[in-house]
Each structure stands twice: as C-alpha cells, then as structure tokens.
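Q: Return a 3D structure for these sequence lines:
(4 chains)
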Protein chains: 2
Amino acid sequence: MKRTTIEDVAKHANVSKSTVSQYLNNRFDYMSSKTRKRIEQSIIELNYQPNILARGLKQKTSSTIGVIVANILHVFSTQVIRAIEDYCNKRDFHVIVCNAEDDPVKEKRYIEMLRAKQVDGIIVFPTGGNVELYKEIKKSNYPVVFMDRLLPEVPVHSILLDNELAAELAVDEFVKNGHRQIGLVSPPLETKVTPRLERLEGFKKALEKHHMEYNPDYIIDGKISSIKDKLKDFLALPNPPTAVLAINDRTLLEILKYAKENDINIPETMALIGIDDVSYASIYNPTLTTIEQPTFEMGKKAVQVLFELMEGKNRKIEPEVHRFEPKIIVRESSEERLMQNE
Amino acid sequence: MKRTTIEDVAKHANVSKSTVSQYLNNRFDYMSSKTRKRIEQSIIELNYQPNILARGLKQKTSSTIGVIVANILHVFSTQVIRAIEDYCNKRDFHVIVCNAEDDPVKEKRYIEMLRAKQVDGIIVFPTGGNVELYKEIKKSNYPVVFMDRLLPEVPVHSILLDNELAAELAVDEFVKNGHRQIGLVSPPLETKVTPRLERLEGFKKALEKHHMEYNPDYIIDGKISSIKDKLKDFLALPNPPTAVLAINDRTLLEILKYAKENDINIPETMALIGIDDVSYASIYNPTLTTIEQPTFEMGKKAVQVLFELMEGKNRKIEPEVHRFEPKIIVRESSEERLMQNE
DNA sequence: CTGAAAGCGCTTACAG
DNA sequence: CTGAAAGCGCTTACAG
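A: Numbers count the residues shown, from 1 in each chain, chains lettered A, B, ... in the order given. A predicted model of the protein is given here:
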C-alpha cells in the first residue's frame, strides 16, 4: 500500500509539486483560484495526507515534544501529562511519554532517543542522576523544562509546588488543633528529591515558628515497604506523636494500612494530614485532611514555558523557578484533640 | 546550533557517507577493522547521533506507535500505557500518547495526526464514533489493535476483559452470602461501550443461573453526577437491593460517597462489590471486595499483537478477541448477610 | 502566477 | 572493502 504523496497530487491536479506545497502551507497570495480549486479537489479525491516526517526533515522540527516522568503510575504525573496533552493538541503537537521509573540510566536513554527523534523540546521530572547530560543540553540551548524537581547544579526553568508552604499549612492546622508532638513520614530522604527535602525543611521551619522543638525521633523515612514497621516503633515511643504528616500519597496509604491493621483511631490517637489529594479523601472514615497541588495548572505552565523556549522567546531570560501554591482541604482526620472532652 | 550529521562523521573519519551508514547499521561484513575503528572514534569525538526522522523517511518507519486512550485519568489506562511503554522501550520504540476523552472528533483528529506522523501502528480504546474510518484503516492493512472495547462492525484484534465473568463472579459471591436482591450501578448504558454492556449481560446471565429474576428497578445507569440521586430512589424502593455491584471504579466512588453522606452501613444495609481494583480497597472501612483486571498483562498483550501485525506476521489471521480473566478479591464489603445474628 | 532544482539527513542497490 | 548516485517526501529560494 503506497501512500499517496505530494507528487501524486501534483500530477492529478496538473501542477508542480511546488504549487501543491504552496497550497498546503496556505501561501495563496499568488495562486489563481482555479489551480487552488483543482488542488483542493485532488487532495480530497486522493485522500492525501502530507507526511509530517518529511516536512520535519526539511523544516527541522517534528511538532512533537517529549515528557519524561519519574513514574507514570503517580496520579500527579498522570494529571500533568493530561494538561500537557491538552495544550499540545490545540497546537497540533504530539507528546511522546516516557516513564523513567526514577532510573538515571533509563532517563539518559530516553533523552537520547528523544533527541534522535528530533523532538522540539522536553519536559522532565529529573532523577538527579544526569547532571552532566543536562549541563550539555542547557549549553546547546535545547528547550527543556524541569517538573517537580530541581537540579541545583543546572539552572533550568522549573515548575514546582511551594513545598515548604505545603508542610507549613499542615503544621499550622495541627497546632491550631492542639497538637504539640508532630511527626512526619516520608519515602527515603537521602535520595535528595526536591519535594521531600523542601517539605521537610518547611516542616522544620513551621515548628520553629510555633516555638516547638524538632525531634528526629518523630521523623520516619525509608522504603515504602518498611514504613509500617517504623510506624510501630514510632508509636511505641514514651511520648509518641499525636499527629502525623504524610509527605505524599504513597506514605499516606501505608499509614492508613497500619492504622487499619492495628486499630489506631484517627484522629483520636493520631491525627493525620496528607500532601497530595487522593480520590478517597472525602469518603474515608474519617474523611482525610489533604494538601492539594494545582496539578493541571502546573502541567499547563510547564508546556507554556516550553513553547516559549521553543519559539525562542525567553532564551535570554535567567531560568526561573515557577512556584505554585498548595491548598489545604480541612476534613476530619486532623480534627481537634480531645474532642470527646469538650 | 547545527547538529552533526552523517556527513560530518564521514569527513572526520575520511570515508564516505555510505560507509558510515554501513557502520551505523552494523553491516560489518566487508569493513576493515581500521575504518571501523576510525568511524567509531569519530562518532564519539563528534558526539554524533543519527537523525531517526531522516532514517524513517527512507525506511518508511518511524519506530513509534500511537496509543489513543479514552481517558488518561483512568487508572486502567495508566497501567495499560505503562505496560506498553515498557515493552516499546525494550525495542527502541517510542509511544505517542493521545487522550481522546471519549470524543469521536478528537479521536479522528488523533488518528489522522498519528498517521501523518507515520507511526507504525496504533492501539486504541475506540469511542465507537468512527466506524467508517476504522473500516478504511483496516482495508489499508494498517496495524491497529483495539483495547477494552469492540466495534462489532469492524473486526480487529482486540484485547478485552472477560466482562461477563467479572459480573458473574460478583453475583456468585453475593448469592453465596445470602443475597437475593442484587443491584447494579453503571455509567450511561446507552453509550454502547463494550465493558458496560457485557458486564450487564453477565449480570443478567448470572442471575438466571441462580434462578433469580432480573429486576430493571435494581439497575442504575446515568451520568456520574446523577448517581447519588438515583441511589436514593433505589434504596427507597419497597424492597430495595441488599447488595450492589459497582460496574467500575468511578461508580464505586459515588456509591461510597452516598453511603458516607447518608450513613448507610456496608455491608449490613447494603453489601458492595466493585469492578476495578482501587488503591484504597484494603484500607477502607470496611475493606472492599473488588474484581481485579490483569491490566499489565492486557497492555502487554496489546503491544505484542500490534508488533506481530507490524512485522506482518498475523495479517492473514482472522482478527481475534483476546480475553483476560478477572479475579475476585474477597474482602469485607461483601460479607454474609445478617452476620450479627450468627 | 507557476515550475525546476536543490536540499533536509539518511539508506541502499550497484559499480569498481 | 568502499564510494557515487539515486531516492524517501517534503519545502524553499529563485527564475521566468
């Protein structure tokens, strides 16, 4: 099945390839309406569709961008992808989605594949393992936007949550409700992933603001599979935390599993707030207080900035970190202590 | 920033473009190890990366496939995408992800864009609105695989859950636990989407198997936003259902919202099973009995079949419907009736 | 107003 | 064992 090409159309319409090309690119300035009609007709009759690859080869563009997410199974990634997709669709761009699984080797491969495929720009959740590569890319002026994470060594336009504020909102709410011993549960902190570090930092600052001491015993971090064990130790402390901040949806789920298995009362024994909105927040018993990220806005901003870079608009501008405000949705899991005594 | 091309490498290594191309395509049969080393060296020094678009133009392949999902926010879609991604990555293929939002117009645009971009094959969750288009595609022998949904008018290799079995498993479990009035909650049934129709069909057959009558009053279907209202009518029936099957994760969530807002006891007042595994199934109070789909296997099968089509292996074979078995995970929400009397 | 020619960066018979 | 030439399907000055 040979596909019909511009040449077929040209023959059919009795004009040259050039003229058909002019037509395709809407350069009607010097085209008689007769030829124009003939070409139009031929295209319909032959069901012609231009080969975008060939056009791209000549024009050095692929009308495609790449998105490399850390983990496509995270709801956050999905929502960001959707926002990017929407935006690109309106501009007749395509998006190639890559799932690096937080593996720098995969990340590198993807970047090379994407560039070999001449994508016009890349939005990436950087793993942190390819600093040199990103430095090169930046030097070559290739359009890149970072999502969710920073690489301190490589200043690039980045889209981030105001992570410190996210933690602060949670601590404020806990303090308001009478808590003085507040814990935090996180995936491994030594991986140096921006959101975790910044949320921890915001947590510390918020404690300070409320004149409370930071107690390392109240911090859990480790692989998801180890969290339940660590929670046990945590609650066996002589003076266990009465409130806990789950740094993301995955840790929140582990905490809830532990609570379920061990009949921990929420919020009586342990109040709870989770960063990331989860689908079940408003149906859980108790309903869950969460800190929401404006995921769609963040995704949209990322493509907007990328398109500006691709159009050469903001190349000169010093790369910025675009921060987005989280919002607390107060529900039952963070309710006031000792409610029953009121 | 001009990218380095095969010509640059050729000059640098003092050979012709042809020879470099031979090298790139691993045709070493007639190449002296000297030239081979020289080329190798030049490629490294110049940091050369072949332009895959140009290669594709010549070879008439793009090493890319397209995936058009009905809604990227569904967990099912995400997991399928991930499986496809994994598989493609191993074969140095890329995947362009498109989100049709169940809109036939968008779907059509995406298909045309993808073909214009010369993708080698497409996996699609068809909306049902582009029968003519798919007929044409099929006639042209272009590799396509349907996911999750069938188009009766267009036989194409399709990957589906055994939807009737999914409903049957749920009904069996309810019946085993003493229920005789079983309801079903679904998004709009008039949209003729395969999973809904087949699940309803399986539901009816299972009732029959157990010598129970099918009662249309026990069926809710409608827009997600209307489900809570309809549940109210439903439970106000003189003889309301004592057990309800949620046909997917979205309807399950609505049922749980309604139950929460109206203090409906699960499973005492209303037992519950949901098709689709949800993240919170094992932490909800009560834990939720669900019917799981083997999403990763299904995604993997879809790419495998697509690759076979692209390699021309199974073009002749009559298109098959590949069915996958769901699995019931029994938890608390479907527990036996009148437990408290035991 | 329209066409011939060159070129985008590759690959592939074919000649030598 | 290696190179010159043609061609993939477009676009774009440029000539007429």
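
Q: Kindly state the pLDDT recorded for the residue nearest to residue A:91 when sequence neighbours are not counted?
A: In this structure, residue A:91 finds its nearest non-sequential neighbour in residue A:307, 7.4 Å apart by CB to CB, 6 or more residues apart in numbering or on different chains. Heads up, the C-betas are built off the backbone N, CA and C, glycines and all. pLDDT, residue A:307: 95.

Q: Any idea how many residues pack against residue A:307?
A: Neighbourhood size, residue A:307 [other CB atoms under 10 Å in any protein chain shown]: 19.

Q: dump the residue contacts of it.
A: Residue A:307 makes contacts with A:87, A:91, A:121, as judged by CB atoms under 8 Å, 6 or more residues apart in numbering or on different chains.

Q: Double-check that it belongs to a helix.
A: Yes. Counting by DSSP: H, G, I helix; E, B strand; the rest coil, one finds residue A:307 located in a helix.

Q: mind checking how far stretch A:127-146 is from the chain centre?
A: With CA atoms, centre = their mean, to the nearest Å as the basis, stretch A:127-146 stands 17 Å off its chain's centre.

Q: in it, what counts as buried?
A: Within stretch A:127-146, the residues that count as buried by 16 or more other CB atoms under 10 Å in any protein chain shown are A:127-130, A:133-134, A:137, A:142-146.

Q: Repeat that for stretch A:97-104.
A: A:97-102.

Q: Same question for stretch A:36-53.
A: A:36, A:38-39, A:42-43, A:48, A:50-53.

Q: and the stretch 1-150 of chain A, which of its residues are near DNA strand D?
A: Contacts of the stretch 1-150 of chain A with DNA strand D, taken as CB under 7 Å from any atom of the strand, map to A:2-3, A:5-7, A:17-18, A:21-22, A:24-25, A:48-51, A:54-55, A:57-59.

Q: same thing but 10 Å
A: A:2-10, A:16-25, A:27, A:30, A:48-61 (CB under 10 Å from any atom of the strand).

Q: how long is stretch A:207-226 from one end to the other?
A: With CA to CA, to the nearest Å as the measure, stretch A:207-226 spans 26 Å from end to end.

Q: To clarify, my last question referred to stretch A:114-130.
A: Using CA to CA, one end of stretch A:114-130 lies 15 Å from the other.

Q: on that earlier part again, which ones among the contacts of residue A:307 are found in helices?
A: Among the contacts of residue A:307, the members found in helices (DSSP state H) are residue A:87.

Q: Quick one: buried ones out of the contacts of residue A:307?
A: Buried, going by 16+ other CB under 10 Å: A:87, A:121, out of the contacts of residue A:307.

Q: Report the lowest-confidence entry in the contacts of residue A:307.
A: Within the contacts of residue A:307, pLDDT is lowest for residue A:91, at 91.

Q: What separation is there between that one and residue B:196?
A: 34 Å (CB to CB, to the nearest Å).

Q: Residue A:116 now?
A: Applying CB to CB, the value for residue A:116 to residue B:196 is 42 Å.

Q: For the two, indicate the residue with more neighbours.
A: residue B:196 (21 against 18).

Q: Got a quick PyMOL command for the buried subset of the residues of the stretch 1-150 of chain A next to DNA strand D?
A: Entered in PyMOL, the line below selects the buried ones among these, by 16+ other CB under 10 Å:
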select buried, chain A and resi 4+5+6+8+9+10+19+20+21+22+23+48+50+51+52+53+54+55+56+57+61
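
Q: which of the residues of the stretch 1-150 of chain A next to DNA strand D come close to chain B?
A: Restricting those to those near chain B by CB under 8 Å from any CB of the partner chain leaves A:49-54, A:56-57.

Q: Verify the stated contact: residue A:53 with residue B:115.
A: No. Between residue A:53 and residue B:115 no contact is recorded; they are 11.2 Å apart, counting by CB atoms under 8 Å.

Q: Name the residues contacting each of these two.
A: Contact criterion CB under 8 Å, 6+ apart; no residue bridges residue A:53 and residue B:115 by contacting each.

Q: Would you mind measuring from residue A:143 to DNA strand D?
A: According to CB to the nearest atom of the strand, to the nearest Å, residue A:143 and DNA strand D sit 20 Å apart.

Q: For the nearest residue to residue A:180 once chain neighbours are set aside, which three-state class applies?
A: Spatial nearest neighbour of residue A:180, excluding adjacent residues (CB to CB, 6+ apart): residue A:212 at 6.3 Å. Three-state call for residue A:212 (three-state DSSP): coil.

Q: Can you show me the strands along the stretch 51-200 of chain A?
A: Assignment of strands within the stretch 51-200 of chain A using DSSP state E, counting those that start in this stretch yields the ranges A:64-69, A:94-99, A:121-124, A:144-147, A:158-161, A:182-186.

Q: contacting residues for residue A:105?
A: Contacts of residue A:105 were listed using CB under 8 Å, 6+ apart, and they are residue A:129.

Q: what's the neighbour count on residue A:73?
A: For residue A:73, using other CB under 10 Å, the count is 16.

Q: for residue A:304, same thing?
A: Neighbourhood size, residue A:304 [other CB under 10 Å]: 14.

Q: From residue B:123, how far out is it?
A: 29 Å.

Q: ditto for residue A:147
A: 26 Å.

Q: Quick check: next helix or strand after the host helix or strand of residue A:20?
A: Element membership for residue A:20, per DSSP states H and E: helix A:17-24. Beyond helix A:17-24 in the direction of the C-terminus, DSSP H and E gives the next helix or strand as helix A:33-46.

Q: That next one vs helix A:17-24, what angle?
A: In terms of direction (axes from the mean of the first three to the mean of the last three CA atoms, to 10 degrees), helix A:33-46 departs from helix A:17-24 by 90 degrees.

Q: check whether helix A:33-46 contacts DNA strand C.
A: Yes. Under the criterion of CB under 10 Å from any atom of the strand, DNA strand C is reached by helix A:33-46 at A:33-36, A:38-39.

Q: Do any residues in that helix lie close to chain B?
A: No. Helix A:33-46 lies out of reach of chain B by CB under 8 Å from any CB, never closer than 13.0 Å.
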